[in-house]
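Engineer: predicted model, plus sequence, below.
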Amino acid sequence: MSERIVTNPARMAENWRVAMTALTNLFLTTHRTLSGHPPQLGPTELLIYMTVSVANVQKLMRERNIPGAYAATGILPREWVVPISRNAIATATHLPRETVRRHVATMIATGLLVEDERGGVTLPVGVIKERGFEPLLEGMLTDFARSAETLLRIGVLRIEKD
């Protein structure tokens, strides 16, 4: 028998402010952690960078059994990396297309993003280790665990047995 975490809509309504504060604080901690790390990105660049990061690994994340090295910091083979177009970035972020185009061009020029031969953009190969992102995970997960614990305690989230 397995367990999964589910939401409890009735408790969400009863604890809206607490739940929203926990989630917003988690977002702000993530933003503060990532934007304070070199290269220090402004809010728009960080939003674009995070969108590209998530898009690039979407194929891998759909796998039931992610190969161990790829679940950690191993460099993904290019066939696992999904490029994202500037239009898709604009759609995902609700940023104007011209804003995305301008920021992506600057981020390519500074080496934060690379143009993919298949179209769209990706992160540079080896970015997790080269940019020193590995140590950031612990603090972000600690805050996530605190937020999840709060949401479990007030009943907004609950553990359900399958």
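Structural biologist: Nice, thanks for sending it over. Numbers count the residues shown, from 1 in each chain.
Engineer: tell me how this protein divides into domains.
Structural biologist: 1-37+137-162, 39-132 (automatic domain parsing).
Engineer: average model confidence for stretch 71-87?
Structural biologist: For stretch 71-87, mean pLDDT rounds to 89.
Engineer: likewise for stretch 44-53?
Structural biologist: Per-region confidence: stretch 44-53 scores 94 on mean pLDDT.
Engineer: and what of stretch 6-21?
Structural biologist: Stretch 6-21 comes out at a mean pLDDT of 94.
Engineer: please enumerate the helices of the protein.
Structural biologist: Counting by DSSP state H, the chain has helices at residues 9-14, 16-35, 43-56, 58-61, 68-71, 86-93, 97-109, 127-130, 136-153.
Engineer: and the angle from the second one to helix 43-56?
Structural biologist: Compare the direction of helix 16-35 with that of helix 43-56 by axes from the mean of the first three to the mean of the last three CA atoms, to 10 degrees and you get 90 degrees.
Engineer: from the contact counts, what lies against helix 16-35?
Structural biologist: Here helix 16-35 touches helix 43-56, helix 136-153, going by 3 or more CB pairs under 8 Å, 6 or more residues apart in numbering; DSSP states H and E. In short, each C-beta sits where N, CA and C put it, glycine included.
Engineer: between these, which one is closest to Ala22.
Structural biologist: helix 136-153 (4.4 Å; CB to CB).
Engineer: give the buried residues for the closest one.
Structural biologist: For helix 136-153, a neighbour-count test (16 or more other CB atoms under 10 Å) marks 136, 143, 147-148, 150-151 as buried.
Engineer: how about those residues in a markdown table, adding pLDDT and distance to Val114?
Structural biologist: Formatted as a markdown table, the buried residues of helix 136-153 follow (pLDDT from 0 to 100; distance: CB to CB, whole Å):
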| residue | pLDDT | distance to Val114 |
| --- | --- | --- |
| Leu136 | 84 | 21 |
| Asp143 | 91 | 30 |
| Ser147 | 93 | 33 |
| Ala148 | 94 | 34 |
| Thr150 | 93 | 39 |
| Leu151 | 94 | 38 |
